[in-house]
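Engineer: Below is the structure, and that's it, no one-letter string:
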């Protein structure tokens, strides 16, 4: 009969998993974290109808101030656990090269795969038609990759900004583009001409950020293998041929709209467990992350698709 040792939560390895960052993944930079105690509960969301209404403020001499009521709507978050495990055998330990930390490497590998799933979830939320109140599609001649006189990324960004400002009462502060869209942007004539006589620098994120009127420009360059296990790898970008503009509140509050929130258990929502497996002469490492990525205010986002054609 297989013998399993006691399960132990490894705090140092948990800290490694919390700190781990994989190149090209942007979800951690994009979603403000809302720490929660319970795995599921109600949370308050921005009530546009009440908050953006202009009430009567004129008070007659000797009269009382007009009363204003702050209304709150609610929605539900539900944390889901994403977990993977991997065994490190005694033979693996016997054959590891000096200086290698097999435990930490295993945890980092598992964490990378879980964070990649979180990135897929984020890309699906941001880059899927129907998730946002404001969406637009570029015709072939207007695609940013076309680089024609009809193609105008700055005008598209201004239009997205105006729509969000009108519908959510906030200007967008974040823009997300995929890697292919970024390559089209940095070579686009309309952007290059903005600096060709004033700077020797090439078009970079800070310039585009300024021209688009946002505080943060994120280039999502992560890829994944979409083939089933055991088959030849089929590489594909996780984020594809779109640009998203949105207002993201980095200090969440009751009266603050935000296009994005990520709910996590207080303490980080990350846990690394380990236990011995005598039957397989090894030790299991399991990494678990609990989160729920949501869009509490769809009015605070604008999606532009078909940027590259």
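Structural biologist: Yes, it's here. Small disclaimer: the values here were computed from a predicted structure and weren't measured. Residues are numbered from 1 along each chain as shown.
Engineer: pLDDT below threshold where in the stretch 101-250 of the chain?
Structural biologist: Scanning the stretch 101-250 of the chain for pLDDT under 70 picks out the ranges 197-200.
Engineer: any idea of the mean pLDDT in the top strand by length along the chain?
Structural biologist: Using DSSP state E, we find that the single longest strand of the chain is strand 282-294. Regarding strand 282-294, the rounded mean pLDDT is 93.
Engineer: What's the first helix or strand after that strand?
Structural biologist: The helix or strand immediately downstream of strand 282-294 is strand 301-305, counting by DSSP states H and E.
Engineer: re earlier: so in that sheet, which strands flank the longest strand of the chain, and in what orientation?
Structural biologist: strand 80-89 (antiparallel), strand 261-265 (antiparallel), strand 270-277 (antiparallel) (DSSP bridges).
Engineer: deepest of these, which one?
Structural biologist: strand 261-265 (a mean of 21; mean count of other Cβ atoms under 10 Å). Yep, even glycine has a C-beta here, placed from its N, CA and C like the rest.
Engineer: if we can go back for a sec, and residue 175, which of the strands paired with strand 282-294 is closest to it?
Structural biologist: With respect to residue 175, and counting by Cβ to Cβ, the nearest of the strands paired with strand 282-294 is strand 261-265 at 18.4 Å.
Engineer: Identify the residues contacting the closest one?
Structural biologist: 27, 31-37, 39, 43, 77, 79, 252, 290-296 (Cβ atoms under 8 Å, 6 or more residues apart in numbering).
Engineer: List buried residues within those residues.
Structural biologist: 27, 31, 34, 36, 43, 77, 79, 252, 290-296 (16 or more other Cβ atoms under 10 Å).
Engineer: Show the contacting residues for residue 26.
Structural biologist: 119, 122, 176, 218, 219, 220, 222.
Engineer: same thing with residue 203?
Structural biologist: Neighbours of residue 203 in contact, by Cβ under 8 Å, 6+ apart: 185, 186, 187, 188, 191, 192, 195.
Engineer: The third one and residue 146 touch, don't they?
Structural biologist: The reference is to residue 187. No: contact criterion Cβ atoms under 8 Å: residue 187 and residue 146 do not qualify, at 11.6 Å.
Engineer: Quick check on those two: which one has the bigger neighbour count.
Structural biologist: residue 146 (18 against 14; other Cβ atoms under 10 Å).
Engineer: thinking again about what came up before, would a markdown table of the strands paired with strand 282-294 with distance to residue 159 and mean pLDDT be doable?
Structural biologist: Output for those, formatted as a markdown table (distance: least, Cβ to Cβ, whole Å; pLDDT from 0 to 100):
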| stretch | distance to residue 159 | mean pLDDT |
| --- | --- | --- |
| strand 80-89 | 36 | 94 |
| strand 261-265 | 26 | 91 |
| strand 270-277 | 40 | 89 |
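Engineer: Make CSV from those and add distance to residue 164 to it.
Structural biologist: Shown next, in CSV, are these (distance: least, Cβ to Cβ, whole Å):
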stretch, distance to residue 164
strand 80-89, 29
strand 261-265, 17
strand 270-277, 33
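Engineer: Of these, which is nearest residue 308?
Structural biologist: Nearest of these (Cβ to Cβ): strand 261-265, 27.6 Å.
Engineer: how distant is the closest one from the center of its chain?
Structural biologist: Centroid separation for strand 261-265 versus its chain: 12 Å, with Cα atoms, centre = their mean, to the nearest Å.
Engineer: about what we covered before: so which of the buried ones among the contacts of strand 261-265 comes closest to residue 272?
Structural biologist: Among the buried ones among the contacts of strand 261-265, and counting by Cβ to Cβ, the member closest to residue 272 is residue 290, at 13.0 Å.
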